[in-house]
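Undergrad: curious how this folds, go ahead:
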Amino acid sequence: RKGALVILESTTYPGTTQEVVLPILEKSGLKAGVDFHLAFSPEREDPGSAIETKNIPKIVGGIDPYSGELAAKLYSLGFAQVHPVSDAQTAEAVKITENIFRAVNIALVNELKLAYSRMGINIWEVIDAAKTKPFGYMPFYPGPGLGGHCIPIDPFYLSWRARAFEVETKFIELAGEVNRAMPRIVVQMLVSALSERQAKAINGAKILVLGAAYKKNVDDTRESPALHIMDLLQKMGADVAYHDPYVPKIPSTREYAHLAGMESVSFTRDTLNRFDAVLIATDHTNVDYAALAAWARLIVDTRNATRHVSGARDNIVHA
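TA: Numbering: from 1, shown residues only. Now for the predicted structure:
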């Protein structure tokens, strides 16, 4: 309606607000920048973090200067800091750049983990030492694959957009390949550990996946590598269950419909004793890893969750 301020927050490719949203809104007969105002301000949040949303600086860009100014004034009512940029397209590029930065660096450290593992080097110790450098380095951590509704998906919005300008985004594409391969690599490490440690095949083995959420201390399973891992294990003939204090039941998804309704098993000695191996896919902080190390026959740790477990660690394999 006349006088309205419309702000898009969804992560998307640069140009969406101007080229997609604006024409839809102008079907009302009103003109953007004259009858109503339009801006982009990307959502920024860190699920499971103690950081309050109001303390995360807000990026704002309008389709014209006045739209950007109005959006900045609105967000200043609820955010400690508002950072205006020149236009909506720039604001869109800021958010997608942030997500690409994470995806590429996670892919890099996942690749380093595989290389260092072959050399007998502990990637976690390398990262802990490297992050003591007060400049020129930012720690990223390996894992069983990317999850969540942003990082595994958003970078490819820019890849698609860039092709329209005849630009190849090779880093983004390569990072995607590395990260998508991680669940299968982790499963192969589990298969090898079972064979070497217990002389047992994966077909018929009882496997407990610890963690179904895509990151620690949240209940979000969107794009979770844990679900991909469970799917792969089932297809290989394993008897799969999971434990997650935040996810009592696997929600229904189109890709993993066969997992929907599976319920989290209890975390007890008797339960853990039933499994040939436990694969840690998510490192929730409220899990007793010392008890896990004491009760489980074999642990494949993809998150370094058992790093503080003291005493006998012969049953722990880092993947």
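Undergrad: report the distance from stretch 33-53 to the chain centre.
TA: 19 Å (Cα atoms, centre = their mean, to the nearest Å).
Undergrad: that one: end-to-end distance?
TA: Terminal residues of stretch 33-53 lie 29 Å apart, using Cα to Cα, to the nearest Å.
Undergrad: if you count neighbours, what's buried in that stretch?
TA: 36-42, 44, 48 (16 or more other Cβ atoms under 10 Å). Using the backbone N, CA and C atoms, a C-beta is placed for each residue, glycine as well.
Undergrad: and if you look at stretch 19-33?
TA: Applying 16+ other Cβ under 10 Å to stretch 19-33 flags 21-22, 32 as buried.
Undergrad: ok, now how distant is residue 105 from residue 201?
TA: 36 Å (Cβ to Cβ, to the nearest Å).
Undergrad: try residue 179
TA: 28 Å.
Undergrad: equivalent analysis for residue 15, please.
TA: 52 Å.
Undergrad: do the same with residue 310
TA: 32 Å.
Undergrad: show me where the stretch 51-200 of the chain has strands.
TA: Secondary structure of the stretch 51-200 of the chain by DSSP state E, counting those that start in this stretch: the strands cover 58-62, 82-84.
Undergrad: read off the pLDDT value for residue 54.
TA: For residue 54, the pLDDT comes out at 92.
Undergrad: residue 75 is in contact with that one, correct?
TA: No. Between residue 54 and residue 75 there is no contact under Cβ atoms under 8 Å: 10.0 Å.
Undergrad: about what we covered before: nearest to residue 218 among the buried residues of stretch 19-33?
TA: Nearest to residue 218 out of these is residue 21 (Cβ to Cβ; 29.3 Å).
Undergrad: identify the bridge partners of the nearest residue to the closest one once chain neighbours are set aside.
TA: With sequence-adjacent residues excluded and distances taken as Cβ to Cβ, 6 or more residues apart in numbering, residue 21 is closest to residue 8, at 5.6 Å. Beta-bridge pairing for residue 8 (DSSP bridges): residue 40.
Undergrad: list the contacts of residue 8.
TA: Each residue near residue 8 by Cβ atoms under 8 Å, 6 or more residues apart in numbering is listed here: 16-17, 21, 38-41, 88.
Undergrad: need the residues you listed in TSV with distance to residue 304 and pLDDT, can you?
TA: Converted to TSV, the contacts of residue 8 look like this (distance: Cβ to Cβ, whole Å; pLDDT from 0 to 100):
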residue	distance to residue 304	pLDDT
16	38	96
17	40	97
21	42	97
38	45	98
39	41	98
40	37	98
41	36	98
88	40	98
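Undergrad: with distance to residue 120 added, can I get the residues you listed in TSV?
TA: Formatted as TSV, the contacts of residue 8 follow (distance: Cβ to Cβ, whole Å):
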residue	distance to residue 120
16	47
17	51
21	53
38	56
39	53
40	48
41	48
88	50
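Undergrad: what's the closest of the residues you listed to residue 277?
TA: residue 16 (44.9 Å).
Undergrad: now the closest one: how far from residue 263?
TA: From residue 16 to residue 263 the distance is 39 Å (Cβ to Cβ).
Undergrad: any weak-confidence spans in the stretch 1-150 of the chain?
TA: The stretch 1-150 of the chain contains no residues with pLDDT under 70.
Undergrad: run the last query once more with 90
TA: Filtered on pLDDT under 90, the stretch 1-150 of the chain yields the residue ranges 45-52, 146-150.
Undergrad: before we move on, what about the stretch 201-319 of the chain?
TA: 253-255, 310-314, 318-319.
Undergrad: just to revisit the earlier point, residue 54 and residue 75: who's more crowded?
TA: residue 75 (21 against 11; other Cβ atoms under 10 Å).
Undergrad: so that one sits against residue 82, correct?
TA: Yes. Here residue 75 reaches residue 82: they are 5.0 Å apart, a contact under Cβ under 8 Å.
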